[in-house]
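# quick one, what's the 3D model for this:
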Amino acid sequence: MANENFTILDGELISYSGDDTIVTVPDGVKSIKDGAFLGCVHIKEVKLPEGLTIIKHKAFWGCARLKKIKLPSTLRSIEFGAFRECESLGEITIPDGVTVMGDSVFRSCDSLAKVYLPDSLNELRTSTFSECFLLSDIRLPETLERIPVSCFEGCACLKSITIPESVKTIGKNAFSGCTSLADVKLPSGLKVIEKECFEDCKKLMKLDVPDSIEYIGANAFNKSGLMTYCFSDYLIMGHVLVRYMGKDETTAIPSGIRSIGDHAFANNEELKNITFPETVTEIHDNAFEGCPLLKSVELPLSLKTIGDGVFTDCESLIHIEFPPNIERIGKKVFSGTGFEKYNRDELNILSGKYLISFSGTADELSIPAGVRVIADEAFVECGGVNSVTLPYGLKTIGDGAFQWRSELKKISIPSTVNYIGENAFASCHEPDISIINPKARLCENGFPDGARLRIVDGTKVLNVKLKWGIKAGDCPERRMWNFLCGRSSTNFAMLDKPEYKIPCAIFYYDVEEYCKDYIHRNIVEAVCFAASQEDDYLLERVLSFGILDNLQLQECINYAIEHKLTVQQLTLMRYRFEHLAEPEEQ
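Below you'll find the model as predicted:
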C-alpha cells in the first residue's frame, strides 16, 4: 500500500484516499484527524503505529466493514464518535494509559460483543456504548465515579454488569432498553440513580440497592421486571420509596423511608389521605402530581426538601401546613391545586416562613420578617418589582427565584442567607446587590452578567462588577465568591482576574497578611486599577496604605493622564503634595 494514499502533515494523518481492505498507518503518525477515515466502508482491518496518542472526532465513523483494529499502547485519547457505526467490529481492547473517551465513541457498533476498558480510564461520556446490540462482555474500570447518560442504552444482549465501588451516580437512561439485563451489582456507596435509568429492563427482577442511596429519578425502573412483578403496594429501594401502586383511599408510608421519589404517587385516582413517618427528609419532583382526590397530607417534622410541582393538579387539596425546618422548596409546588385556586394573596407565604410566590407589582418590596425560605421561581410570574429588601433570618433564595425580572435594580441580601440558587437573579439587568458578610453557597449563574456587588464588612465596603466569562463550574466569579465566604491564602491565590483580586486584596489589606503582601508587590497596578474604576473610596483606601514612592506615583499619574481620568489624576497629585513633597530648605 503506497504512502501517497495518506495525507500527513506534521505528524497528523489528515485523510486516506485508498481502497485497500487492510490499511497500515505509517510510522511517525501521532494523531488521526477528525473524519480521516469517515465512511471508508471497504476497510476491514486497520494497523496503527506505536507513537499514536490521539484519535480525533469521527475518525473511523461509518467504517461499516471494519472488523479488526489494534490500538497502540501510546494512545491516550479517543474523541467523539471515533468508531461510531463500525457495524462489523466484534471486540476492542482500550490500552492502559487512555484517560479520555468522548461521547458516542462506539455507538451503534451492532456487532461489538466484547470490550476491555483499562483502570487508567476515569471517565466515560454520553452514549459511549449505546445501541451496541450484541454487547455482552464488558469490565468497567475501578476509577469511574459516574456511569453517564445513555451509556449502555439499547444493549439488548447485556445480561450482567458489575458497577465499580468508585461509582456514585448512574445517569439518565444509562441501561434503558437492556432487555436481557438480569444481574446488576451496585456499589456500596452509590448515591444517585437518575430517571429512566433501568427503564424497559424486562428481566431485571431483583436489585440490591445500598443504604447510601439518596435519590432515584422518575421512571428509573419503568417497565422493568421490578415493577411488573412487584406484589407489594410499595416499591422501595434502600431508603427511597420509588413507587406506590396501591389503591387505598388512606395510606401510611412505611417507617424508615427517607426520600419520596419523583412521581412516586403520581396519577393515583383513589388516594385521599396520606401520613408520613418522622424519617422522611425529602419529597422529590411531582411526587403527588395528578392525585385529584388527595385532600389531607400530614408532612413530617423531619422534612427538609420539597421538590418541583409536588402537589400539581391535586384539585381537592385546599389547606396544608409546612413543618418548621424546611430548607428548600421547588417551583410551582401547588400548581392546579385547590390551595392555589382559593388563595387570593399576592404575597403567598405559607406557615409564616415560606414565600411560595408573589403575583403582584411593587416599586419597593420588603419581604416580611420571619420568612426563612423563598421558593424556586417565586417571582417569575409577578407583575414587576424594582427593589427588594430581604429580611434578617432568611436562609434560602431558591433556584430562579427572581429570574427574568429585568426591571429589578436593587437587592439587599442579609448575612443569614446560606443558599443562593442556580439562576436566582438570572436576566436581571445589571442590578445593585448589597450583601453583608457573605456566607452563602452560590450556585451556577446565581448572579447575572454586569451585577454590581456591594460587600459590607464592618465599616469597609467592597464594590465589584461581575463579568461572567464562563458561568458554570469553577469560573472566576465563583472563585471570588468562595474567597469572600471563606478567606484563605489558597482561595486568594485562585483569584486569577485582577479586577477581582485587586479589590479583594485592598478590602482585606488590614486583616489578611497575604493581601497586604500582594498589594505591596503590585502597588502600581492596584492604584491604576482603582483609578480606572473611578471608585473614589477604593482609590483613597489604597493610597491610605502609604506604600507609593515618587517614581511609582508618577507612573500612576501618567496612567491617569493617558486614560483621561482627570478627577483621579487630581487625587493622585494632591496625594503627592500632601505626602511625598520634599520639605523646603530652611
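# buried stuff in stretch 378-390?
378-380, 382, 385, 387-388, 390 (16 or more other Cβ atoms under 10 Å). In this view, the C-beta of every residue, glycine as well, is placed from N, C-alpha and C.
# how long is that stretch end to end?
14 Å (Cα to Cα, to the nearest Å).
# what's in contact with it?
Contacting residues not belonging to stretch 378-390 are listed as 331, 355-367, 374, 397-398, 400-405, 407-414, 417 [Cβ atoms under 8 Å, 6 or more residues apart in numbering].
# now with 6 Å, please.
With contact meaning Cβ atoms under 6 Å, 6 or more residues apart in numbering, stretch 378-390 is reached by 355, 357-359, 361-367, 401-405, 407-414.
# tell me the mean pLDDT for that stretch?
Average pLDDT, stretch 378-390: 92.
# next, count neighbours for Glu289.
Neighbour count for Glu289, taken as other Cβ atoms under 10 Å: 22.
# now it: how far from Glu214?
As judged by Cβ to Cβ, to the nearest Å, Glu289 and Glu214 stand 21 Å apart.
# do Pro164 as well
19 Å.
# packing partners for the strand or helix carrying Thr490?
Element membership of Thr490, judged by DSSP states H and E, is helix 489-493. Secondary-structure packing of helix 489-493 (3 or more Cβ pairs under 6 Å, 6 or more residues apart in numbering; DSSP states H and E): helix 476-485.
# sec struct for the residue lying closest to Asn219 once chain neighbours are set aside, please.
Spatial nearest neighbour of Asn219, chain neighbours left out: Glu196 (4.9 Å); criterion: Cβ to Cβ, 6 or more residues apart in numbering. The local conformation at Glu196, judged by DSSP: H, G, I helix; E, B strand; the rest coil, is coil.
# so what's Glu196 up against?
172-173, 176, 219.
# wait, which of these is closest to Asn3?
Nearest to Asn3, judged by Cβ to Cβ, of these is Asn173 at 44.3 Å.
# how far away is the closest residue to that closest one other than its chain neighbours from Glu123?
Using Cβ to Cβ, 6+ apart and skipping the chain neighbours, the partner closest in space to Asn173 is Ser150 (4.5 Å). Per Cβ to Cβ, Ser150 is found 15 Å from Glu123.
# same question for Pro438.
Distance from Pro438 to Glu123, by Cβ to Cβ: 33 Å.
# looking at these two, which is more packed in?
Looking at Pro438 and Glu123 with other Cβ under 10 Å, you find the greater number of neighbours at Pro438, namely 19 against 15.
# neighbours of the residue nearest to Leu186 when sequence neighbours are not counted, how many?
Spatial nearest neighbour of Leu186, excluding adjacent residues (Cβ to Cβ, 6+ apart): Ile163 at 5.5 Å. If you count neighbours by other Cβ under 10 Å, Ile163 ends up with 17.
# Ile163 touches Gly189, doesn't it?
No: when contacts are counted by Cβ atoms under 6 Å, Ile163 is not listed as touching Gly189 (10.5 Å).
# circling back: out of the contacts of Glu196, who's nearest Lys516?
Lys172 (49.4 Å).
# report the contact partners of the closest one.
Contacts of Lys172 by Cβ under 6 Å, 6+ apart are 149, 194-196.
# distance of the nearest residue to it once chain neighbours are set aside relative to Ser188?
Excluding the flanking residues, the one nearest Lys172 by Cβ to Cβ, 6+ apart is Glu194, at 4.3 Å. Note on Glu194: its distance to Ser188, by Cβ to Cβ, is 19 Å.
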